[in-house]
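**Q** Sequence and predicted structure, then a few things I'm wondering about:
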Amino acid sequence: MSQRVPRSVLWTALLSGAVTIASLTGAAVLNARSTPVSPPTTSVSTPTTTPSIGVSGCLREPCQVLSTTTVGGTFVELIADAGARSGRLRIGGPSSSQVIETTVTELGVTLSATSLQCVPGSASACLIRGTGPSGTTGQVVVGRSDKWSAQERAYLSSAGVLVLGNVVSDSSPEVIAVQVDCRANQNCAGRPVYAQVFDLGGQEIGCTKTYSKVEQLPGYPLITFPAAQLRDCP
């Protein structure tokens, strides 16, 4: 003979089940509100990726180290890809993560073993230069407190001489670009030359007087002279 379940127990069980179902339903609603729903996709595109340069400094094999130097105790290498029409500056040795792309190669410059010059200072600088369609073109990479960055401006020397030097009496080098004193529509062969000086930020400081030929510039090939010899540029 079966025993009847007390009505109070039955109501307790029913209420407990109802509370459980309500809790689960409420949780599902909250979860649906908190989780965004992605709209349907009509097409799939392949993401573009940039090849990793890595600590070797090489983007396209075969690569070669064109030049090495030490500036302020920091080891610096100029590395070029095949053909030397693209490259990068690796700062701090093979295990360093400081790798800076060259930008002058985008202007048609071909890198060589003589493309790198670095000068120490409170703001150290490395000049990357090479021969391009318009003359010798270069870019400057500046290092302050072990942090190096490429400057945006490109420098051009119509006379083929582009160097770093200390002209102004401060603790940082300047960019010296030798120019041919030649106007448009002139025959520039054999024309005089002068040195144009910039600070590391790309601001023009001044120019020297003209000289009959490049070899007569003070201190050639390093080009050194006091700031007192600078005047307004032509």
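**A** Sure thing, it's come through. Residues are numbered from 1 along each chain as shown.
**Q** Let me see the contact set for residue 234.
**A** 181, 194, 207 (Cβ atoms under 8 Å, 6 or more residues apart in numbering). Glycine gets a C-beta too; all of them are placed from N, C-alpha and C.
**Q** What about residue 144, how many residues nearby?
**A** 14 (other Cβ atoms under 10 Å).
**Q** all strands of this structure, in order?
**A** 64-71, 74-80, 87-91, 98-101, 116-119, 124-132, 135-144, 147-157, 162-165, 174-180, 193-198, 204-207 (DSSP state E).
**Q** Mean pLDDT for the ones you listed - can I get that in TSV?
**A** As requested, those are arranged in TSV below (pLDDT from 0 to 100):
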stretch	mean pLDDT
strand 64-71	94
strand 74-80	94
strand 87-91	93
strand 98-101	92
strand 116-119	97
strand 124-132	96
strand 135-144	96
strand 147-157	95
strand 162-165	96
strand 174-180	97
strand 193-198	97
strand 204-207	97
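**Q** hang on, the earlier thing: which of the contacts of residue 234 sits closest to residue 82?
**A** Closest approach to residue 82 among the contacts of residue 234 (Cβ to Cβ): residue 194, at 37.8 Å.
**Q** excluding its backbone neighbours, what's nearest residue 135?
**A** residue 158 (4.6 Å; Cβ to Cβ, 6 or more residues apart in numbering).
**Q** could I get the strands of the chain as a markdown table with distance to residue 107?
**A** Shown next, in a markdown table, are the strands of the chain (distance: least, Cβ to Cβ, whole Å):
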| stretch | distance to residue 107 |
| --- | --- |
| strand 64-71 | 18 |
| strand 74-80 | 15 |
| strand 87-91 | 13 |
| strand 98-101 | 13 |
| strand 116-119 | 17 |
| strand 124-132 | 5 |
| strand 135-144 | 5 |
| strand 147-157 | 6 |
| strand 162-165 | 13 |
| strand 174-180 | 14 |
| strand 193-198 | 17 |
| strand 204-207 | 20 |
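**Q** neighbours of residue 87, just the number please.
**A** Using other Cβ under 10 Å, residue 87 has 30 other residues around it.
**Q** For it, give the beta-bridge partners.
**A** For residue 87, the beta-bridge partners are residue 80 (DSSP bridges).
**Q** residue contacts, it?
**A** Residue 87 is in contact with 66, 78, 79, 80, 81, 101, 102, 105, 111, 128, counting by Cβ under 8 Å, 6+ apart.
**Q** hang on, residue 137 packs against residue 129?
**A** Yes - contact criterion Cβ atoms under 8 Å: residue 137 and residue 129 qualify, at 6.7 Å.
**Q** Those two: which is more packed in?
**A** For residue 137 versus residue 129, neighbours defined as other Cβ under 10 Å are more numerous around residue 129 (29 against 23).
**Q** Quick check: closest non-adjacent residue to the more buried one.
**A** residue 138 (3.3 Å).
**Q** likewise residue 121?
**A** Leaving out its chain neighbours, the residue that sits closest to residue 121 by Cβ to Cβ, 6+ apart is residue 172, at 4.2 Å.
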